[in-house]
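K.L.:
One predicted model, sequence on top.
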Amino acid sequence: MPNQIDNWIDKIKEREKKGLPLEEATSPESFWYTNDAFFQFERDSVFKNSWQYVGRSDQLINSGDYFSGDLFGLPYLVVCDEGLKAFYNICSHHATCLVEGKGRVSELKCPYHGWVYNFQGELKKIPQAGPLGKLNPKNLKLTELPLKKVGPFIFLNFGQEKKWEGNSLESVLTDYSYEDFKFVGSFKYRLKCNWKVFVDNYLDGGYHVPHMHPGLTEQIDFSSYKTVRSDCFSIQTCSSKRGNQSSKEGDFLERVEGTSSYFWLYPNFMVNLYGRWMDTNWVRPIKSDECEIIFDYFYRGTLNDELKRKSLKASEKVQEEDTLICERVQKGLESGLFFGGPYVPKFEGSMYDFHQQLMKSYLGF
């Protein structure tokens with residue numbers, strides 16, 4: 001429906017042309033969050049033109065270790081050999097996905113007709129093919145994807161390789177001595193909301209925390225809350241209430257200590273650092289009104305079962321509260337009665353930056 005897309009682009013161009021500052025701007029119209037065709041438009045405009053987190057380096061230790069995945073219908077695989085390599089998970093013969101899930105293999109062998117590729121993506125064997133005329137196997141290698149490894153995190157680029165914007169992430173991880181963190185576990189949550197609703201919630205500068213997270217609020221000193229803003233990332237920091245031994249939820253004392261940092265990298269990856277804990281939030285778009293959040297947890301030091309239980313319970317409680325409010329926001333956006341609301345400048349500057357960067361992506365800047 002090109003006419004509809006052109007109409008959206010015209011509206012976004014009008015918004016961009018106005019160039020309203022944070023104090024005067026309003027949040028995006030609801031079609032950014034509710035329209036199926038616009039959701040598909042984001043595949044090429046946002047996700048194929050940004051570096052995308054896909055997994056962890058501890059998943060790929062030995063030669064032949066791999067994991068695979070799918071982003072907006074784009075199947076990929078990452079494999080360990082001498083270093084890490086990433087490819088579209090598509091056989092050059094009849095488009096079959098070569099591997100599923102994760103595991104270890106000695107070669108990349110297509111399950112359909114047995115074509116074999118090495119870990120450099122080169123076609124090495126075509127069973128019973130006979131004469132292939134002028135067909136050159138070198139032209140049938142797998143399509144490689146640009147890959148960046150930052151600490152324990154792996155990022156891919158699915159479009160024309162763009163400038164890496166993750167130097168800020170490298171700096172934050174270095175400050176926290178990320179080498180000492182060990183992977184603890186992974187959890188998935190399905191939310192009935194657009195992926196941007198979750199990101200907006202994350203980037204509201206803690207504005208919602210006193211209202212939505214009473215247990216966490218008991219442990220955070222909001223007078224210390226600060227935000228470092230940039231186009232493609234933000235860092236929110238705050239201190240815990242030292243010496244406060246009370247918590248309505250009971251488990252947040254084990255989860256929050258010292259300075260907490262909340263790092264966001266455009267468009268959909270977050271790293272949260274709480275004392276000895278680090279966790280990541282990977283926001284995966286599913287449909288215009290549905291997304292999946294994958295939480296990976298890391299710990300620095302010796303983690304006993306009781307501390308793990310209490311800490312993960314506290315984190316799960318926060319996620320349940322965020323799920324509730326994000327799904328309520330989505331219902332309001334789908335009502336057809338919302339046309340954008342004001343930003344609260346004291347808190348929502350990073351959310352404004354996110355929307356500004358989205359506009360650039362939509363318009364191909």
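P.N.:
Great, that's in hand.

K.L.:
Every contact and neighbour count from this point should use C-alpha atoms.
P.N.:
Noted.

K.L.:
okay, now the residue nearest to Leu60 when sequence neighbours are not counted: neighbour count?
P.N.:
Distances taken as Cα to Cα, 6 or more residues apart in numbering place Cys80 nearest to Leu60, at 5.6 Å, with adjacent residues excluded. Counted with other Cα atoms under 10 Å, residues neighbouring Cys80 total 21.

K.L.:
Summarise which helices and strands the helix or strand hosting Cys80 is packed against.
P.N.:
Per DSSP states H and E: Cys80 is located in strand 74-81. Using 3 or more Cα pairs under 8 Å, 6 or more residues apart in numbering; DSSP states H and E, the elements in contact with strand 74-81 are strand 65-71, strand 83-88.

K.L.:
Relative to it, what are the paired strands and their orientations?
P.N.:
Next to strand 74-81 in the sheet, as set by DSSP bridges, lie strand 65-71 (antiparallel), strand 83-88 (antiparallel).

K.L.:
Let me know which of these is the nearest to Thr302.
P.N.:
Comparing these by their distance to Thr302 (Cα to Cα), the top pick is strand 65-71, with 27.0 Å.

K.L.:
Not counting the closest one itself, show me its contacts.
P.N.:
54, 59-60, 75-81, 89, 99-105, 284 (Cα atoms under 8 Å, 6 or more residues apart in numbering).

K.L.:
switch to 10 Å and redo it
P.N.:
Contacting residues not belonging to strand 65-71 are listed as 43, 47-48, 52, 54-56, 59-60, 75-81, 84-89, 97-106, 108, 119, 158, 284-286 [Cα atoms under 10 Å, 6 or more residues apart in numbering].

K.L.:
Report the beta-bridge partner residues of the residue nearest to Leu60.
P.N.:
The partner list for Cys80 in beta bridges (DSSP bridges) reads Leu84.

K.L.:
does it really touch Ser63, like I thought?
P.N.:
Yes - between Cys80 and Ser63 there is a contact at 5.1 Å, judged by Cα atoms under 10 Å.

K.L.:
Output the helices and strands packed on strand 74-81 as JSON lines; include the columns distance to Lys124, mean neighbour count and mean pLDDT.
P.N.:
Compiled in JSON lines, those are given as follows (distance: least, Cα to Cα, whole Å; neighbours: other Cα atoms under 10 Å; pLDDT from 0 to 100):
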{"stretch": "strand 65-71", "distance to Lys124": "19", "mean neighbour count": "19", "mean pLDDT": "97"}
{"stretch": "strand 83-88", "distance to Lys124": "16", "mean neighbour count": "20", "mean pLDDT": "97"}
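
K.L.:
With respect to Lys310, which of these lies nearest?
P.N.:
Nearest of the helices and strands packed on strand 74-81 to Lys310, taken as Cα to Cα: strand 65-71 at 30.2 Å.

K.L.:
Below-threshold pLDDT in the stretch 251-365 of the chain: ranges please.
P.N.:
Regions of the stretch 251-365 of the chain meeting the criterion pLDDT under 70 cover residues 251-258, 365.

K.L.:
quick revisit: now do the shared contacts for Cys80 and Ser63.
P.N.:
The contact sets of Cys80 and Ser63 overlap at Arg104, Phe119 (Cα under 10 Å, 6+ apart).

K.L.:
Nearest residue to Asn268 in space, please, no chain neighbours.
P.N.:
Val283 (5.2 Å).

K.L.:
Helix or strand: which one has the one you found?
P.N.:
For Val283, the host element (DSSP H and E) is strand 277-287.

K.L.:
And the residue nearest to Asp81 when sequence neighbours are not counted, what's its pLDDT?
P.N.:
Once flanking residues are discounted, Asp81 sits nearest to Ser63: 4.5 Å by Cα to Cα, 6+ apart. The score at Ser63 is 97. That number is its pLDDT.

K.L.:
C-terminal to the strand or helix carrying Lys313, what's the next element?
P.N.:
Per DSSP H and E: Lys313 is located in helix 305-333. Next along the chain after helix 305-333, taking DSSP H and E as the criterion, comes helix 349-362.

K.L.:
Quick one: distance of that next one to the chain centre.
P.N.:
16 Å (Cα atoms, centre = their mean, to the nearest Å).

K.L.:
What is the end-to-end distance of stretch 91-102?
P.N.:
17 Å (Cα to Cα, to the nearest Å).

K.L.:
Then stretch 123-143?
P.N.:
Using Cα to Cα, first and last residues of stretch 123-143 are 11 Å apart.

K.L.:
Report the distance from it to the chain centre.
P.N.:
What separates the centre of stretch 123-143 from the centre of its chain is 37 Å, taken as Cα atoms, centre = their mean.

K.L.:
Quick one: mean pLDDT for that stretch?
P.N.:
pLDDT averaged over stretch 123-143 gives 81.

K.L.:
Repeat that for stretch 95-109.
P.N.:
Here the average pLDDT along stretch 95-109 is 97.

K.L.:
Give the buried residues for that stretch.
P.N.:
Using 16 or more other Cα atoms under 10 Å as the test for burial, stretch 95-109 gives Cys97, Leu98, Val99, Lys102, Arg104, Leu108, Lys109.

K.L.:
want to try a markdown table for those residues, with secondary structure as columns?
P.N.:
Shown next, in a markdown table, are the buried residues of stretch 95-109 (DSSP: H, G, I helix; E, B strand; the rest coil):
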| residue | secondary structure |
| --- | --- |
| Cys97 | coil |
| Leu98 | coil |
| Val99 | coil |
| Lys102 | strand |
| Arg104 | strand |
| Leu108 | strand |
| Lys109 | strand |
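
K.L.:
Kindly indicate which of those lies nearest Leu312.
P.N.:
Distance to Leu312 across those (Cα to Cα) is lowest for Lys102, with 24.8 Å.
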